[in-house]
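Enquirer: mind folding the following:
(chains A and B)
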Amino acid sequence: MKSAPFIVYQPKSLHDAVQLSAKHGEEAKIIAGGQTLVPMLAMRIATPAILIDINEVHELHSIVENDKLIEVGSAVTQSRLEDYLSNTNAHPLLSKMMPWIAHRPIRNRGTVGGSIAHADPSAELVLALSILKGWVILANSRQQRKVSAQEFFLGALQTDRQMDEILVKVVFPKLDKNAQFGFVEYGYRHGDFAVVSVAMMKTNQDWTFAYGGINDTPQVFTEQLASSQDAIAYVSHLANTVDVREDPTASSDLRRHLMQGQSELLIRQIESGKE
Amino acid sequence: MSQLPLSKKISIEVNVNGQTRSADCEYRTTLGDFLRHELGLTGTHYGCEHGVCGACTIHVDGEPVRSCLMFAYQANGKSIKTVEGLSIEEKLNDLQTAFKKHHALQCGFCTPGFLMTSTKFLIDNPNPTEKEVREAISGNICRCTGYKGIVEAILEVAKNRNSEGTSAC
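Expert: Coordinates of the predicted model:
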């Protein structure tokens, strides 16, 4: 298992990086943490002639926060964001989800932008960006553009990023001040891909449930519900009616069962005041 | 399809276990292969070669990473610690000794990864619970021991270091 030969460019600025992607977009792959790309190269699922390594692009390493949102540079490692969130308490829901991404040695290299650009249907950051109605900033050699999570994630491992574009920032809106929230994930081992993951937010009577792993992109549902009983009836309805995929790791029946059970668990946690 | 570029050698210099080492390799050479084949440091083992088994875990600038999921060129100029760097004056350190005492290895193939993962874990969390230990090593796979001895060894080292008031690294 060794990669096919390639050459590497290591731009130091975003300007140089987008020039390289404009020139080599079709034959190049962008590498940041490489925690998904390196295995794909090793198994020769991907055989690019060129890698554009964005780890030394200084503009992509910032974490900027205001009272409404957190802007994370695409080359920020997952463990750096994890530590930032646990030190600042800036985003308790996102903070709760971070440790579920693989294992710490993977998060030490894996980047926030890499996970979003890869768009795995069961990825925690993809689910987080979807439920929070966040967005990304993409750049090519001519312009930057903003794309909402909903428009960015087109399918399993498919996004709206064009061949000449580089993901610059991932923007996570903060929770409402009086929001309650929860997150739970079921996988076969800690750190494995989620079979089903559920994130939930509740502000007054507005409940939002987002499910990862059940389809090609995270599925987000918002509803006004008067009580926990109504919420339980609602998630039961969702679990029975929404499209749920089936694959060798889990039947759609198991996924439906987990959707309902995990959602109920989160509703009960909120009811009892535990988050 | 465009033609693949010819292999091009690049020159890499790293600090490994306190020594400056340099060698040439290709861009596609992973850090673990570089350590084993170019520098002769065969303590780091490759199991799955795609980040799942944890056997190849080493420290880069103090943080545990999978050496199979990083290219050598990405470590240029960085500081690396491998399992060969754990012993003190050619004697096993306290963690290695505890692994031996508690039968925390049988075939030993996964052991370098477990040692490097738990070395950093005990620095970050010097007084862990059993559950925290199990979670910390959940990214490392061992097919011999059933993990019991590994958990016992790590917990014993934490306890001994706390009672001695020292923190070896």
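
Enquirer: please identify the helix or strand for the residue of chain B at minimum distance from chain A.
Expert: The minimum distance from chain B to chain A, using Cβ to the nearest Cβ, falls at B:G139 (2.9 Å). Where C-beta positions appear, they are placed from N, C-alpha and C, glycine not excepted. Secondary structure from DSSP states H and E places B:G139 outside every helix and strand.

Enquirer: gap between it and B:T82?
Expert: Here the criterion is Cβ to Cβ, to the nearest Å. By it, B:G139 lies 18 Å from B:T82.

Enquirer: low-confidence ranges, chain B, go.
Expert: Residue ranges of chain B with pLDDT under 70: B:1-7, B:165-169.

Enquirer: tally of neighbours for the residue of the stretch 51-200 of chain A found nearest chain B?
Expert: Scanning the stretch 51-200 of chain A for the residue nearest chain B gives A:H103, at 2.9 Å (criterion: Cβ to the nearest Cβ). Neighbours of A:H103 under the rule other Cβ atoms under 10 Å in any protein chain shown: 25.

Enquirer: next up, the contacts around it.
Expert: Counting by Cβ atoms under 8 Å, 6 or more residues apart in numbering or on different chains, A:H103 makes contact with A:190-191, B:54, B:138-139.

Enquirer: and the residues you listed, which two are the farthest apart?
Expert: Between any two of these, the greatest separation by Cβ to Cβ is 12.3 Å, found for A:H190 and B:G54.

Enquirer: show me which of those two is the more surrounded one.
Expert: B:G54 (27 against 14).

Enquirer: what sits against the nearest residue to the more buried one once chain neighbours are set aside?
Expert: In this structure, B:G54 finds its nearest non-sequential neighbour in B:N140, 3.4 Å apart by Cβ to Cβ, 6 or more residues apart in numbering or on different chains. Residues counted as contacts of B:N140 (Cβ under 8 Å, 6+ apart) are B:53-55, B:57, B:110, B:113-114, B:117.

Enquirer: by neighbours, which of those wins?
Expert: Ranked by neighbour count (other Cβ under 10 Å), those have B:T57 at the top, with 32 neighbours.

Enquirer: how near is it to B:R143?
Expert: Note on B:T57: its distance to B:R143, by Cβ to Cβ, is 16 Å.

Enquirer: just A:Q229 next, same as before
Expert: 48 Å.

Enquirer: got it, and B:F71?
Expert: B:F71 is 28 Å from B:R143, by Cβ to Cβ.

Enquirer: for the stretch 1-150 of chain A, what lies in contact range of chain B?
Expert: Residues of the stretch 1-150 of chain A found near chain B (Cβ under 8 Å from any Cβ of the partner chain) are A:1-8, A:27, A:34-35, A:38-39, A:41-43, A:47, A:49-51, A:53, A:55, A:79, A:102-106, A:108-109.

Enquirer: recalculate using a threshold of 6 Å.
Expert: A:1, A:3-8, A:27, A:34-35, A:38-39, A:42, A:49, A:103, A:105, A:108-109 (Cβ under 6 Å from any Cβ of the partner chain).

Enquirer: spatially speaking, which residue is in the middle of chain B?
Expert: B:I58 (3.1 Å; Cα atoms, centre = their mean).

Enquirer: pLDDT score assigned to A:A42?
Expert: For A:A42, the model assigns a pLDDT of 95.

Enquirer: could you double-check that it lies in contact with A:T36?
Expert: No: contact criterion Cβ atoms under 6 Å: A:A42 and A:T36 do not qualify, at 11.2 Å.

Enquirer: list the residues that contact residue 152.
Expert: Since you didn't name a chain, this refers to chain A. With contact set as Cβ atoms under 6 Å, 6 or more residues apart in numbering or on different chains, A:F152 has these partners: A:136, A:159-160.

Enquirer: can you look at chain B instead?
Expert: For B:E152, the contacting residues are B:H102, by Cβ under 6 Å, 6+ apart.
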